[in-house]
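*Asks:* Return atomic coordinates for the entry below.
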Amino acid sequence: MRVSNMTYNETDNNMKLKVLPSAIAIALTSFSAFSDDGSMVVTATALDQLVQTEINATTLEQKQASDIKDILNTMPSVTVDGNARYSRKVFIRGMEDKFAVVTIDGARQEGQLFHHSGDQTIDPSLLKVAKIELGANSALNGSGVVNGSFSYETKDPDDLLQGDDKFGARIKTSYQSAYERKGVDVAVYTKLNDKLQFMAIANYSEDGDLHIPNKDDVSSKQGELKSGLAKVVFIPNNSNEFKLMINHYSDGGKRQLSGEKNGALYADKEHNYNSINRDTVTLQHAYNPDNDLVNLKSNLYYNRQYMKRDPLTDSIWKKDANGKWIKDGQVSIPNREYNVTTIGGDIRNVSWVSDHELTYGVDGYTAKQWIDAENGEILSGPQKGETKKYGFDGGKITAYGLYIQDSFEINDFRLTSGLRYDIHQLGGMYSGTLDQLSPKFKGEYQATNDLRLRVGYGRLFKGASLPEALMIGDPSKVTQGDTKAMTGNNYETGFDYDLSNLLGADNSIIGFTAYKYNLDNQMHPTKNTSLTNKNDAEVWGIETVFTYKLEDLSIYANHSYSDGDQKNLKDNTTSDMNKTGIHNIKAGFNYGLSEEIVLGWDSRFVLGNEYTDEENEKISRPGFGVHNMWAAYNPTFAKDLTINLGVDNLFNKQYAEHTGFGISWGSDKYTSYEVGRNFKASLAYAF
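*Replies:* Purely as a prediction, here's the structure:
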């Protein structure tokens, strides 16, 4: 008997597993134990339970999640900074998400548009679930994984339809005070027949001033979000399923271009329009003919991320004889559009051979960048009357890989081993080919009924990413460095302990992980148009995760800490990594007070810390604690009505994330503080 990869299956008296749970793909490991009568009792790890509980459509709705910070703020080893939606940056295990793989419905989000804006452009109202995997011990998550992966899956029509309904619609209005954020969300969905389903969701929200405790309101980061999703699901027979998805995201306004920076720096300036946009088209096919050797999934996609900027008149700058920047005239700059497109796919099959689950396939993508713009005119200065070019083609990447992974259980051991072979080719204004064979491994040992020990290893390989699109210039003036692949090793060890019996809970687990990884020849796409390798980096840390569920009460708590140093490849000096050295404690609960009301609380505590920067100066970052509370009301007399209330930053704490701009290198002038007390309310009605 074979089952889907979302469940376990007992195959014989020895309780061998044919299928590992999806938790393997979204968490550190899975957890299982044997009851007194010899039957298998299966629960996920503490991390997996947290992911499933805290990043699903229901919880995101109840908490009124409206940007990437709301999606990820309960996860261990994940930090999201920036006070405006377009400035949000994501860090995982001490490095930015540029060293992770991010997908939306399987579509890779490649490229960086601008180093003072974020790149995870996700609207929570469209999401079914987000899956987070820490580390790089799986062969299945694509090429270039160093510190983890983020996989976002959007809603299906079946997720919105109630019971036997064939058609439905829903409208929601919302408001958040700290952002002056007003929003409306409309969805329609239908099951035309047993074979064809359709849905469409449109969301609009507008941000005004940002309210910062003990600071002037930020009036330079206003904007509008327009996002939408259209999805068709076609199920012609029991063996096949097709999904076509079109996803649009646009966040723009007349605002400061550098959303990451302190708004006070731009309080008195006039701003031109700029926007961060994304268009994603995905076609998925699943073929499952009820055959142990065939469970085929194909995913093809087109993804375009782009920044738009209005025309403006600006100064021309040059360096004088003393190396000081001086103005050298004025130039009229046209409309500009900075583009990164990614076209790719993943075709994989799962075969069950005896007690082995074999997953194998091929994935690949092509990413390219360019600036679409007319020429500008120099208005004054020595070059008056001349034209200046602003439109250029940039770099190109073609990457593809072959992978295989085998999972099986023998006695009290579960072993997962895999291989990836990746080829990474540079094109456009760059050249070079990089490749590597990367082994991966996870081992688990059921030491007792409640205790499971685990180890993991992953060989790291990441080819050069394209530099940020905003920095593209004349290709003839770009000199490429001796670009090498980023390589290293990731090691993990830990345990999961089932506390359910000890605490009298329905489910309760504590998990601990210690990890260490190095990345030689590290480079970052920010301003790095020469694709020069800059550092050898090493990061280590720990994660502890606890979950508890008893009837209508769910509790979580987690602690994460990372530390790291880097050696400059140019002068061999060693310094602390300024996004590490941070203790992060997160805890919360939700409780079903009645059939109608659910209450919740989330708290974060970040301890004060200091590190030594590249100039050998001590940088101190103050600690903080911040608390959010929320409630969801679904009255029995009006089941189609939902009312959500909440308060984020309940005690109006002035704080900045330690990974954020300014504070991460000890500059209060540039520190971008998070918003203060934020009252949230939404009203939704389904027809």
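*Asks:* which phi and psi does the spatially most central residue of the chain have?
*Replies:* Residue closest to the mean C-alpha point of the chain, counted by C-alpha atoms, centre = their mean, is Phe150 at 4.5 Å. Torsion angles at Phe150 (phi, psi; degrees, to the nearest 10) stand at phi -120, psi 120.
*Asks:* Leaving out sequence neighbours, find the closest residue to it.
*Replies:* Once flanking residues are discounted, Phe150 sits nearest to Val102: 4.6 Å by C-beta to C-beta, 6 or more residues apart in numbering. No exception for glycine: its C-beta is placed from N, CA and C like everyone else's.
*Asks:* Point me to the helix or strand that includes that neighbour.
*Replies:* strand 100-104 (DSSP states H and E).
*Asks:* can you give me the mean pLDDT across the helix or strand following that strand?
*Replies:* Downstream of strand 100-104, the first helix or strand assigned by DSSP H and E is strand 107-108. In this model, strand 107-108 has a mean pLDDT of 98.
*Asks:* Next, the residue in the chain sticking out farthest from the centre: secondary structure please.
*Replies:* The C-alpha centroid of the chain is most remote from Pro382, which lies 47.2 Å away (C-alpha atoms, centre = their mean). With DSSP: H, G, I helix; E, B strand; the rest coil as the basis, Pro382 sits in coil.
*Asks:* dump the residue contacts of it.
*Replies:* With contact set as C-beta atoms under 8 Å, 6 or more residues apart in numbering, Pro382 has these partners: Asp328, Gly329.
*Asks:* Now do the end-to-end distance for stretch 525-532.
*Replies:* 9 Å (C-alpha to C-alpha, to the nearest Å).
*Asks:* how far away is Val539 from Gly511?
*Replies:* The gap separating Val539 from Gly511 is 20 Å, by C-beta to C-beta, to the nearest Å.
*Asks:* how about the residue farthest from the centre of the chain, phi and psi?
*Replies:* Here Pro382 shows phi and psi, under degrees, to the nearest 10, equal to phi -60, psi -30.
*Asks:* about what we covered before: from Gln109, how far off is the residue nearest to Phe150?
*Replies:* 4 Å.
*Asks:* Look up phi and psi at the spatially closest residue to Leu503 that is not a sequence neighbour.
*Replies:* Spatial nearest neighbour of Leu503, chain neighbours left out: Tyr548 (6.6 Å); criterion: C-beta to C-beta, 6+ apart. Note on Tyr548: its backbone torsions stand at phi -150, psi 130 [degrees, to the nearest 10].
*Asks:* How about the contacts made by Tyr548?
*Replies:* Leu499, Leu503, Ala505, Asn507, Ser508, Ser554, Ile555, Tyr556.
*Asks:* What of Gly588?
*Replies:* So Gly588 contacts Thr74, Ile555, Tyr556, Ala557, Gly600, Trp601, Asp602, Ser603 (C-beta under 8 Å, 6+ apart).
*Asks:* for Pro76, same thing?
*Replies:* Contacts of Pro76 (C-beta under 8 Å, 6+ apart): Leu47, Leu50, Leu134, Glu543, Thr544, Val545, Asn558, His559, Ser560, Asn584, Lys586.
*Asks:* between these, which is closest to Asn533?
*Replies:* Leu134 (25.0 Å; C-beta to C-beta).
*Asks:* where exactly do the helices run in the stretch 501-650 of the chain?
*Replies:* Using DSSP state H, counting those that start in this stretch, no helices are assigned anywhere in the stretch 501-650 of the chain.
*Asks:* of Val539 and Gly511, who's got more company?
*Replies:* Gly511 (28 against 25; other C-beta atoms under 10 Å).
*Asks:* Now the more buried one: closest residue in space that isn't a chain neighbour?
*Replies:* Using C-beta to C-beta, 6+ apart, the nearest residue to Gly511 is Ala46, at 3.9 Å.
*Asks:* Could you tell me the phi and psi values at the one you found?
*Replies:* Here Ala46 shows phi and psi, under degrees, to the nearest 10, equal to phi -60, psi -40.
*Asks:* ok, now the one 3 residues further on?
*Replies:* Phi and psi for Gln49, reported as degrees, to the nearest 10, are phi -60, psi -40.
*Asks:* my guess is it meets Asn507, correct?
*Replies:* Yes: when contacts are counted by C-beta atoms under 8 Å, Gln49 is listed as touching Asn507 (7.0 Å).
*Asks:* And these two? Which one has more around it.
*Replies:* Gln49 (25 against 17).
*Asks:* does the closest residue to the more buried one other than its chain neighbours have beta-bridge partners, and which?
*Replies:* Nearest non-adjacent residue to Gln49, counting by C-beta to C-beta, 6+ apart: Thr547, 4.3 Å away. Using DSSP bridges, the bridge partners assigned to Thr547 are Ile509, Tyr556.
*Asks:* Please tell me I have it right and Thr547 contacts Ala587.
*Replies:* No: in this structure Thr547 lies outside contact range of Ala587 using C-beta under 8 Å: 11.0 Å.
*Asks:* shared neighbours, those two?
*Replies:* Joint contacts of Thr547 and Ala587 (C-beta under 8 Å, 6+ apart) are Ile555, Tyr556.
*Asks:* need the helices for this protein, in chain order.
*Replies:* Here the chain has its helices, by DSSP state H, at 23-26, 46-54, 57-62, 68-72, 157-160, 500-503.
*Asks:* Distance check, Asn678 against Asn203.
*Replies:* From Asn678 to Asn203 the distance is 19 Å (C-beta to C-beta).
*Asks:* Go through stretch 279-297 and flag the buried ones.
*Replies:* Buried residues in stretch 279-297, counted by 16 or more other C-beta atoms under 10 Å: Thr280, Val281, Thr282, Leu283, Gln284, Ala286, Asn288, Asn295, Leu296, Lys297.
*Asks:* Can you show me the CA trace of it as PDB?
*Replies:* The C-alpha coordinates for stretch 279-297 follow below in PDB (Å, rounded to 0.1, in the frame of the first residue of the first chain):
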ATOM      1  CA  ASP A 279       4.800  38.900 -11.600                       C
ATOM      2  CA  THR A 280       4.900  35.100 -11.300                       C
ATOM      3  CA  VAL A 281       3.300  32.500 -13.600                       C
ATOM      4  CA  THR A 282       3.500  28.800 -12.600                       C
ATOM      5  CA  LEU A 283       2.200  25.600 -14.200                       C
ATOM      6  CA  GLN A 284       2.200  22.500 -12.000                       C
ATOM      7  CA  HIS A 285       1.400  18.900 -13.000                       C
ATOM      8  CA  ALA A 286       1.100  15.900 -10.600                       C
ATOM      9  CA  TYR A 287       0.800  12.400 -12.000                       C
ATOM     10  CA  ASN A 288       0.100   9.600  -9.600                       C
ATOM     11  CA  PRO A 289      -1.100   6.400 -11.300                       C
ATOM     12  CA  ASP A 290      -1.300   4.300  -8.100                       C
ATOM     13  CA  ASN A 291       2.000   2.800  -8.900                       C
ATOM     14  CA  ASP A 292       4.800   2.400  -6.400                       C
ATOM     15  CA  LEU A 293       7.400   3.400  -9.000                       C
ATOM     16  CA  VAL A 294       5.700   6.500 -10.200                       C
ATOM     17  CA  ASN A 295       4.700   9.700  -8.400                       C
ATOM     18  CA  LEU A 296       5.700  12.400 -10.800                       C
ATOM     19  CA  LYS A 297       5.600  16.200 -10.100                       C
END
